[in-house]
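Colleague: Need the 3D shape of this:
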Amino acid sequence: MNVRADWEVVIGLETHAQLATASKIFSGSSTRFGAPPNAQACAVDLALPGVLPVLNAGAVECAVRFGLAVGATIAPRSVFARKNYFYPDLPKGYQISQYEIPVVQGGSLAIAVDGVEKVVRLTRAHLEEDAGKSLHEDYHGMSGIDLNRAGTPLLEIVTEPDMRSAAEAVAYARALHALVVWLGICDGNMQEGSFRCDANVSVRPRGQAAYGTRCEIKNLNSFRFLERAILHEVDRQIALIEDGGRVVQETRLYDPERDHTRSMRSKEDAMDYRYFPDPDLLPLEISAETVERIRASLPELPAAMRARFTAQYGLPAYDAATLTASRSLARYFEAALTAFGGDPKLVSNWMMGELLSRLNETERDAEAAAVTPDMLAGLLKRIADGTLSGKLAKEVFAILWDEGGSADAIIAARGLAQISDTGALEAIVDEVLAANPKSVEEFRAGKEKAMNALVGQAMKASRGKANPAQVNAILRRKLSG
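Modeller: Numbers count the residues shown, from 1 in each chain. Model prediction:
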């Protein structure tokens, strides 16, 4: 859907990233996914009388790593608060979160849409605990409660209302997802709920300064659903206003099967939650020394690596952006390039072509690629020295992926080496010229396409093994004589 020129869309995102700690934020219970219901809920998670929360230092370190990566201010002193609401999967009757003084304040994240760069400002990122889960299926008119997720550590990352299209929102969500995985603070598994987005969407007549009334779309756990939900909600709001109605501030859910949003509940304001400092938790104090220690442990960040790939390896900006889309892909590139020792662009081309195609088909990460960096480097060496043509190299790559081994072993076992011997190629060309007099006449009459037909016949005669460049050169020499 394209929003008409007389309307402007305003979008802000709130993202919950589950932090990659072995235990929960205020208890020692495991955060492992897939355990039987309530198998990972201890007395603290169940809010039994007399229990007290103890803050997980690993969760704090994850928050600081993120804050430093986005150029935010790390609060030397932040406070945990109780967010009060009643729901069956919230045992305490409140959620421990941060409100007035979050641990991460400000920051920004750069995105690109259709080649245009934009900076999305971050309002804050705060630590909080997850709630449990209500189970409605297979209970015959009843609901079950699974508290395994209760107390799971989350970092809620909130943007300013800076995005102006569903495409920008998706670009931001993808960039944020890539960053938290790159930093090692979140596994990014959206199917398991490790990365979930809430979208605040409003519309306003173009040129109007005041924001329109916003609606929040909750728990979007795929980039496709995020885009579809925003597109539908924008369409709904514009149609509602143009029909003389008004948008009501509320929380809505996206139904992917029907591709629409539906009302869930009226949107709460902060005062509805009756926030107040949690008396069971001391203020969180983070020393400057701790911040600098964590800063020193940060990996090279995506933006810096993109710039380095362009400057050090001479890669185009598009290649550098693609290869740094994930840390594992960037590692693969440098490992393959080191083993190959040749043209970085050749490595990049094969990674962005054959490798990424296979990774996408099999839904694998680069670290789990069936063709390792060393295996790819071995293949590229045979391309560089003329042993393999591009077509034969793709055939060898497919065999490497499906069966393993090495490029040299596959070439030897299957007789796939490219024919570059001039005498052998001259004989093939002579046969082709004799068998295709019509194409010869057409080429000599000025029809360049006839050359393509002759080269194709030569490649066919050699079963794809002839060096195409040499075949072309020999043909032109013989036809011009």
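
Colleague: Low-confidence stretches in the stretch 301-450 of the chain?
Modeller: 418-421, 424, 445 (pLDDT under 70).

Colleague: Show me which helix runs longest in the protein.
Modeller: Taking DSSP state H as the criterion, the chain has its longest helix at helix 223-242.

Colleague: residues of the very next helix or strand once past that one that come out buried?
Modeller: On the C-terminal side of helix 223-242, the nearest following helix or strand under DSSP states H and E is strand 250-255. When neighbours are counted by 16 or more other C-beta atoms under 10 Å, the buried residues of strand 250-255 are found to be 250, 252, 254. In short, each C-beta sits where N, CA and C put it, glycine included.

Colleague: With stretch 292-303 instead?
Modeller: Of the residues in stretch 292-303, those with enough neighbours to count as buried (16+ other C-beta under 10 Å) are 294, 301-302.

Colleague: Inside helices: which ones of those?
Modeller: When those are checked against helices (DSSP H), the matches are 294, 302.

Colleague: quick check, nearest of the buried residues of stretch 292-303 to Trp182?
Modeller: Pro302 (6.1 Å; C-beta to C-beta).

Colleague: distance of the nearest residue to the closest one once chain neighbours are set aside from Thr261?
Modeller: Distances taken as C-beta to C-beta, 6 or more residues apart in numbering put Thr324 closest to Pro302, at 4.9 Å, once the chain neighbours are dropped. Taking C-beta to C-beta, to the nearest Å as the measure, Thr324 and Thr261 are separated by 34 Å.

Colleague: what does the helix or strand hosting Ala335 rub up against?
Modeller: Under the criterion DSSP H and E, the helix or strand holding Ala335 is helix 327-340. Contacts of helix 327-340 with the rest of the structure, by C-beta atoms under 8 Å, 6 or more residues apart in numbering, involve 181-182, 299, 305, 309, 313, 322-324, 344, 346-348, 351, 355, 365-367, 369, 373-374, 376-378, 380-381, 384.

Colleague: What residue spans form the domains of this structure?
Modeller: According to automatic domain parsing, the chain comprises the domains 7-293, 300-414, 422-480.

Colleague: before we move on, back to that, neighbours around the residue nearest to Pro302, how many?
Modeller: Neighbours of Thr324 under the rule other C-beta atoms under 10 Å: 23.

Colleague: That one: what's it in contact with?
Modeller: For Thr324, the set of contacting residues under the criterion of C-beta under 8 Å, 6+ apart consists of 302, 305-306, 309, 330.

Colleague: and the two most separated of those residues?
Modeller: Within these, Pro302 and Phe309 form the most distant pair, 10.3 Å apart (C-beta to C-beta).

Colleague: Output the longest strand belonging to the chain.
Modeller: As assigned by DSSP state E, the longest strand anywhere in the chain is strand 116-129.

Colleague: Give the pairing partners of that strand; include direction for each.
Modeller: When pairing is defined by DSSP bridges, strand 116-129 lines up against strand 104-105 (antiparallel), strand 108-113 (antiparallel), strand 153-159 (antiparallel).

Colleague: wait, which of those is closest to Ser389?
Modeller: Each of those has some distance to Ser389 by C-beta to C-beta; the shortest is strand 108-113, at 35.2 Å.

Colleague: which parts of that closest one are buried?
Modeller: Per 16+ other C-beta under 10 Å, strand 108-113 contains these buried residues: 109, 111, 113.

Colleague: Give me the mean pLDDT for the longest strand of the chain.
Modeller: On average, the pLDDT along strand 116-129 is 96.

Colleague: Quick check: next helix or strand after it?
Modeller: Of the helices and strands lying after strand 116-129 in sequence (DSSP H and E), the nearest is strand 133-135.

Colleague: and that next one, which strands flank it?
Modeller: Pairing partners of strand 133-135, with direction, according to DSSP bridges: strand 144-146 (antiparallel).

Colleague: In the strand it pairs with, which residues are buried?
Modeller: With burial defined by 16+ other C-beta under 10 Å, the residues of strand 144-146 counted as buried are 145-146.

Colleague: beta partners for Gly144?
Modeller: Counting by DSSP bridges, Gly144 forms beta bridges with Leu135.

Colleague: can you check Ile74 too?
Modeller: Where Ile74 sits in a bridge, its partners, by DSSP bridges, are Val104.

Colleague: so it makes contact with Arg65?
Modeller: No: proximity of Ile74 to Arg65 does not meet the contact threshold set by C-beta atoms under 8 Å, at 10.0 Å.

Colleague: what number of residues lie near Phe33?
Modeller: So Phe33, with other C-beta under 10 Å, has 16 neighbours.

Colleague: For the nearest residue to it once chain neighbours are set aside, what are phi and psi?
Modeller: In space, Phe33 comes closest to Glu192 once its chain neighbours are excluded; the distance is 4.9 Å by C-beta to C-beta, 6+ apart. For Glu192, the backbone dihedrals (degrees, to the nearest 10) come out as phi -90, psi 0.

Colleague: What distance do you get for Glu192 to Val371?
Modeller: From Glu192 over to Val371 (counting by C-beta to C-beta), the distance is 27 Å.

Colleague: okay, those two: which has more neighbours?
Modeller: Legend: neighbour count by other C-beta under 10 Å for Glu192 and Val371, higher for Val371 (24 against 12).
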